[in-house]
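Student: Pasting the sequence and the predicted coordinates here, then a few questions.
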Amino acid sequence: MRWVTFDCFGTLVDWRHGIATSAELLFPGYGGRLLDAYNRHEMAVQTETPALLYREVMAETLRRACATEGLDLGADDAGILARTLPYWPVYPEVGPELGALRSAGWRLALLTNCDRDLIGLTQRRLPVPFDAVITAEDAGGYKPSLGHFERFRSSHEPSEWVHVAQGYIHDMVPAHALGLRRIWINRLAETPADPSIPQTTQPDLHGLLTALQ
């Protein structure tokens, strides 16, 4: 069976918008700064406590981001990202592009650094169904550890497998380590530390089916 696996947040869902606008609700004018601070801390929290649920990862990361910016985060406000995550916007090309993949016979899966309940709520807003989902809860840790990929491979034994994601460190690096075919959705126009890690690079999902052929 031919499979395309996706990261969800950053690849299909605009998590930067979600985090920044949620932070703006708490601290008007600080959304962008808190987003940047959040990005600097999240991987450390995931690495320190790989068994921690993602809603708690987000809360602890937001606490550290606010401390970095000298902002007093109320105890009840630390969970705002988990509360707003199911409403974060889906990128507009996701529906047509993933629909084209399904019509061409590809099976779709999510490999997400998220909790089962949160990704379940997000899936209700994704415009196409997925055939499989592997969460951080299922894998027992967070990408870039290989647990998501290994669990997917053992469960589904794909004959052809392409991994598509926005995350360079979280997704492209482990996919490269496993020898998977990989497509980097470089929405932020980043320069990769090693240009050989992503095999194919494109700015969004437009033309994904063509890239797979």
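Tutor: Looks like it came in fine.
Student: who's I183 bridged to?
Tutor: V164, T200 (DSSP bridges).
Student: Kindly export stretch 43-56 (C-alpha atoms) in PDB.
Tutor: Output of stretch 43-56 as PDB, limited to C-alpha atoms (Å, rounded to 0.1, in the frame of the first residue of the first chain):
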ATOM      1  CA  MET A  43      11.700  21.100  22.300                       C
ATOM      2  CA  ALA A  44      13.500  21.400  25.600                       C
ATOM      3  CA  VAL A  45      10.200  20.600  27.500                       C
ATOM      4  CA  GLN A  46       9.500  17.700  25.200                       C
ATOM      5  CA  THR A  47      13.000  16.300  25.700                       C
ATOM      6  CA  GLU A  48      13.000  16.700  29.400                       C
ATOM      7  CA  THR A  49       9.700  15.000  29.900                       C
ATOM      8  CA  PRO A  50       8.900  12.800  26.900                       C
ATOM      9  CA  ALA A  51       6.000  11.100  28.700                       C
ATOM     10  CA  LEU A  52       4.200  14.400  29.400                       C
ATOM     11  CA  LEU A  53       0.900  14.900  27.600                       C
ATOM     12  CA  TYR A  54       1.100  17.600  24.900                       C
ATOM     13  CA  ARG A  55      -1.400  19.800  26.700                       C
ATOM     14  CA  GLU A  56       1.000  19.900  29.600                       C
END
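Student: can you list contacts of that stretch?
Tutor: By Cβ atoms under 8 Å, 6 or more residues apart in numbering, the surrounding residues in contact with stretch 43-56 are 57, 60-61, 64, 79, 81-82, 113-115, 118, 136-137, 140-142, 145, 169-170. C-beta coordinates here come from the backbone N, C-alpha and C atoms, glycine included.
Student: residues near P158, how many?
Tutor: Using other Cβ atoms under 10 Å, P158 is surrounded by 18 other residues.
Student: For it, which non-adjacent residue is closest in space?
Tutor: What sits nearest to P158 in space, not counting adjacent residues and going by Cβ to Cβ, 6 or more residues apart in numbering, is W3, at 4.2 Å.
Student: picking that back up, I only care about the contacts of stretch 43-56 that end up buried; give me the PyMOL line for that.
Tutor: If you want just the buried ones from the contacts of stretch 43-56 in PyMOL, going by 16 or more other Cβ atoms under 10 Å, the selection is:
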select buried, resi 57+60+61+64+81+82+113+114+115+118+136+137+141+142+145+170
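Student: Would you mind giving the domain segments of this structure?
Tutor: Listed by automatic domain parsing, the domain ranges of the chain are 2-13+90-212, 15-86.
Student: Need the ones you listed in TSV (columns: mean pLDDT).
Tutor: Converted to TSV, the domains of the chain look like this (pLDDT from 0 to 100):
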stretch	mean pLDDT
domain 2-13+90-212	97
domain 15-86	97
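Student: picking up where we left off before, the residue nearest to P158: what secondary structure?
Tutor: Assigned by DSSP: H, G, I helix; E, B strand; the rest coil, the conformation of W3 is strand.
Student: wait, isn't it in contact with E160?
Tutor: Yes: between W3 and E160 there is a contact under Cβ atoms under 8 Å: 6.9 Å.
Student: Would you map the strands across this structure?
Tutor: Along the chain, the segments classed as strands by DSSP state E run 2-6, 107-112, 132-135, 160-165, 181-185, 200-202.
Student: and of those, who's closest to G29?
Tutor: Evaluated over the strands of the chain, closeness to G29 peaks at strand 181-185, with 29.9 Å, by Cβ to Cβ.
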